[in-house]
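**Student:** predicted model follows, preceded by the sequence.
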Amino acid sequence: MKKRIAGLMLSILLATGLLTALSLTELMAPTAAAATIASGCKIHGRVLCINKTTRKLYYMQDGRVVMTTDARFGCARTPTRNGTFRVYRKSRHWVSTIYHTAMPFSMFFSGGQAVHYSSDFARRGYAGCSHGCVNIRNWSKIAWMYDHIRVGDRVVVFRG
């Protein structure tokens, strides 16, 4: 009965123009995101939940998605490792010692692999790939995440 009433109300809101298809999509976005979150991300505390299928990084707090951003991963020969990790080091202004490229807002989670801003990803999009890191193209979002994530926080990388 409740579902029928909700469906009827939704139809009325759409028919009257009080709710548009676009605003409905925006309202439903958290539900869609929830379907793409690994169970290991739904814990108490802060988590960087990284879905390689949707190419998204979800910043989560206490099991809820707080922020979502686009993510790019390693090439076929240098893949980003799947698994559950912990942030073990952070560096706001890191420069790769191997490739000599800037890696702002680096949050290292597995060997030399880190979540960080990538100017190449911002410029070329998904046309490129990384050497195993999780690239983020939105400067303000990665800066915000960097300021909120702590060493020891969980990182989950998975294909969903």
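**Tutor:** Perfect, I can see it now.
**Student:** what sits against the residue most central in space within the chain?
**Tutor:** In the chain, the C-alpha nearest the mean C-alpha coordinate belongs to Leu57, at 0.9 Å (Cα atoms, centre = their mean). Contacts for Leu57 (Cβ atoms under 8 Å, 6 or more residues apart in numbering) come out as Leu48, Cys49, Ile50, Asn51, Thr68, Thr69, Asp70, Ala71, Val115, Val134, Ile136, Met145. In short, each C-beta sits where N, CA and C put it, glycine included.
**Student:** okay, and the nearest residue to the last one once chain neighbours are set aside sits in which element?
**Tutor:** Spelled out, it's Met145. Setting aside the residues directly before and after it, Met145 is nearest to Tyr59 in space (Cβ to Cβ, 6 or more residues apart in numbering), at 5.1 Å. Here Tyr59, judged by DSSP states H and E, is contained in strand 56-61.
**Student:** strand partners of that strand, parallel vs antiparallel please.
**Tutor:** Note on strand 56-61: by DSSP bridges, its sheet partners are strand 46-51 (antiparallel), strand 64-72 (antiparallel).
**Student:** figure out which of these is closest to Gly40.
**Tutor:** strand 46-51 (8.0 Å; Cβ to Cβ).
**Student:** tabulate the CA atom coordinates of that closest one in CSV.
**Tutor:** Extracted in CSV, the C-alpha atoms of strand 46-51 (Å, rounded to 0.1, in the frame of the first residue of the first chain):
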residue,chain,number,x,y,z
ARG,A,46,36.5,7.0,7.5
VAL,A,47,37.0,5.0,4.3
LEU,A,48,38.2,5.6,0.8
CYS,A,49,36.1,3.2,-1.2
ILE,A,50,37.3,2.8,-4.7
ASN,A,51,35.2,1.0,-7.3
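**Student:** looking only at pLDDT, what's the mean for that strand?
**Tutor:** For strand 46-51, mean pLDDT is 98.
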